[in-house]
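[1] turn this into a model:
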Amino acid sequence: MWAFLSVLAMINGRSCKIVELYRHAVKGLSSDKLTKVTFAEAGETFPDDRRFALLQKKNEDKFNSASPEWLHKENFLCSFSDPKLMSTFQTSYQILNADASMAEPCDTVGAENPTRLLTVDDRKSSENLLGPIDLSSEHGLASLAKFLSERSGKEVVCVSASKAGKHKHQFGNTSSGVKARGDTRTMHIINANTVRDIESKIGIPLNPSRFRPNIVLDGLTAWEEFNLVGKEIQLGTTRMSIVSKTVRCEGVSVDPLDSENILDIPGLLTKHYPEYGPFLGVYAVLDKPGSIAIGDSLILQS
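    Sure thing, here's the model as predicted:
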């Protein structure tokens with residue numbers, strides 16, 4: 001109890017705020033930078049975050065859209081299986097006719113029919129490579145699968161548990177949500193000061209987006225986010241439970257913003273931080289809906 005009260009006093013006694021928000025609509029492709037996210041129901045993640053995935057054709061029998069289960073990232077074309085290729089694309093994503101759960105400024109309300117528009121550009125030249133295509137249509141899913149099958153040399157299918165309607169299944173990198181709540185949907189939180197601490201140890205600049213977060217916080221001391229595991233926090237008008245630390249894999253060894261920036265992140269974490277091992281970041285699940293925005297403060301609940 002005294003240890004918890006000490007953590008509560010330390011965290012709530014300083015200013016810790018949201019500085020970045022990201023959505024990754026297609027597992028492995030780049031993110032959309034957001035300013036505000038609204039959640040309509042408990043248990044949700046960011047609207048359409050990792051709603052779509054590029055399943056390797058040879059693993060197609062492992063996925064049933066009517067009864068989807070969490071699958072390890074090795075089954076997909078993603079930043080784990082081909083990080084260098086995936087980092088060469090810059091994508092943008094937009095929901096038209098969003099419901100009460102929205103990611104701003106990308107999503108809008110008012111289209112007659114729901115559409116989910118994805119555009120794929122070359123990161124270096126900004127040349128348009130594909131789209132916009134509508135991922136709420138079979139044609140859109142097939143177009144993305146064909147494009148990435150040709151680019152990767154691996155046959156893939158673009159899958160989703162539901163192309164429209166409520167986002168109930170997330171192709172996340174963790175099974176933490178399943179273990180904690182029986183739900184695949186989580187949110188990934190990165191502490192900016194932890195990333196700065198790693199930078200100081202290895203002498204190389206790192207962008208927090210390398211670690212594919214949904215939420216980046218600033219104001220916690222380095223590694224203090226690990227003290228939040230098992231606790232509930234308030235962010236904006238929401239409440240979230242922190243359910244686990246994030247184990248890092250080779251997927252973050254390539255910077256998604258620069259395919260030439262390659263580092264052995266798991267090895268560097270283990271070398272410089274043996275007390276933590278290959279962990280960086282935490283996963284959260286949504287207990288109380290509401291909204292979060294850039295500048296909102298973190299409050300640890302008693």
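
[2] only C-alpha atoms for contact and neighbour calcs from this point on.
    Fine.

[3] Three-state assignment for the residue nearest to Glu127 when sequence neighbours are not counted, please.
    Nearest residue to Glu127, sequence neighbours excluded (CA to CA, 6 or more residues apart in numbering): Asp121, at 5.4 Å. The three-state assignment at Asp121 reads strand, by DSSP: H, G, I helix; E, B strand; the rest coil.

[4] show me where pLDDT drops low in this structure?
    Applying pLDDT under 70 to the chain flags the ranges 1-14, 110-113, 259.

[5] what comes up buried for the longest helix anywhere in it?
    For the chain, the longest helix by residue count, based on DSSP state H, is helix 138-152. Buried residues in helix 138-152, counted by 16 or more other CA atoms under 10 Å: 140-145, 148-149.

[6] for the following helix or strand past it, packing partners?
    Once helix 138-152 ends, the next helix or strand along the chain (criterion: DSSP states H and E) is strand 156-159. With contacts taken as 3 or more CA pairs under 8 Å, 6 or more residues apart in numbering; DSSP states H and E, strand 156-159 sits against strand 53-56, helix 138-152.

[7] where do the strands of the stretch 151-300 of the chain begin and end?
    Remark: strands assigned in the stretch 151-300 of the chain by DSSP state E, counting those that start in this stretch are 156-159, 187-191, 215-218, 232-235, 238-247, 254-255, 258-262, 279-288, 290-293, 298-300.

[8] can I get the ones you listed in JSON lines with distance to Leu268 and mean neighbour count?
    Listed next are those as JSON lines, based on distance: least, CA to CA, whole Å; neighbours: other CA atoms under 10 Å:
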{"stretch": "strand 156-159", "distance to Leu268": "32", "mean neighbour count": "24"}
{"stretch": "strand 187-191", "distance to Leu268": "17", "mean neighbour count": "24"}
{"stretch": "strand 215-218", "distance to Leu268": "21", "mean neighbour count": "23"}
{"stretch": "strand 232-235", "distance to Leu268": "30", "mean neighbour count": "20"}
{"stretch": "strand 238-247", "distance to Leu268": "13", "mean neighbour count": "21"}
{"stretch": "strand 254-255", "distance to Leu268": "13", "mean neighbour count": "24"}
{"stretch": "strand 258-262", "distance to Leu268": "12", "mean neighbour count": "14"}
{"stretch": "strand 279-288", "distance to Leu268": "11", "mean neighbour count": "23"}
{"stretch": "strand 290-293", "distance to Leu268": "32", "mean neighbour count": "20"}
{"stretch": "strand 298-300", "distance to Leu268": "29", "mean neighbour count": "20"}
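
[9] that'll do, ta.
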